[in-house]
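Q: below are the sequence and a predicted model for it; my questions follow.
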Amino acid sequence: MRQVVTGMWACPECGRSFASRNQAHTCVALGDLDRHFARASPQVRAAFDAVLASVSAVGPVQVLPEKTRIALAPASCASTHSRRATWCTRSG
Ligand SMILES: [Zn+2]
């Protein structure tokens, strides 16, 4: 999954987009959102969807399905840890 947002720097290795060039990050391509919920109850997915809907009501959000968590980042500054909210699920 390639997450390129106009005006942002895209890592040539993993394809993720960041507000700052050479932003420090775990350089692994994003995974599949549904994989995080493959063994979860429907209530867990419903809770995530409710959180995502609430956050999205505030502004554009990128959903970043990483290896062990799902990060929600403002679409305009999907870069720094200090600016992003994180929703964690158990996976694998
Ligand atoms: Zn990378």
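A: Happy to help now that I have it.
Q: where does the residue positioned nearest the centre of the chain sit: helix, strand or coil?
A: Nearest residue to the geometric centre of the chain (C-alpha atoms, centre = their mean): Leu64, 1.6 Å. Using DSSP: H, G, I helix; E, B strand; the rest coil, the secondary structure recorded for Leu64 is strand.
Q: partners of the residue nearest to it when sequence neighbours are not counted in the sheet?
A: Excluding the flanking residues, the one nearest Leu64 by C-beta to C-beta, 6 or more residues apart in numbering is Ala71, at 4.1 Å. Where C-beta positions appear, they are placed from N, C-alpha and C, glycine not excepted. Ala71 has these beta-bridge partners by DSSP bridges: Leu64, Thr86.
Q: roughly how far does Ala71 sit from Leu33?
A: Distance, Ala71 to Leu33, by C-beta to C-beta, to the nearest Å: 11 Å.
Q: between those two, tell me which one has more neighbours.
A: Ala71 (18 against 15; other C-beta atoms under 10 Å).
Q: the ion contacts on the protein?
A: Residues of the chain lying close to the ion (C-beta under 5 Å from the ion) are 11, 13-14, 27.
Q: can you say which of those residues are buried?
A: Cys11 (16 or more other C-beta atoms under 10 Å).
Q: which one of the residues of the chain next to the ion is nearest Gly59?
A: The closest of the residues of the chain next to the ion to Gly59 turns out to be Cys11 (C-beta to C-beta; 23.5 Å).
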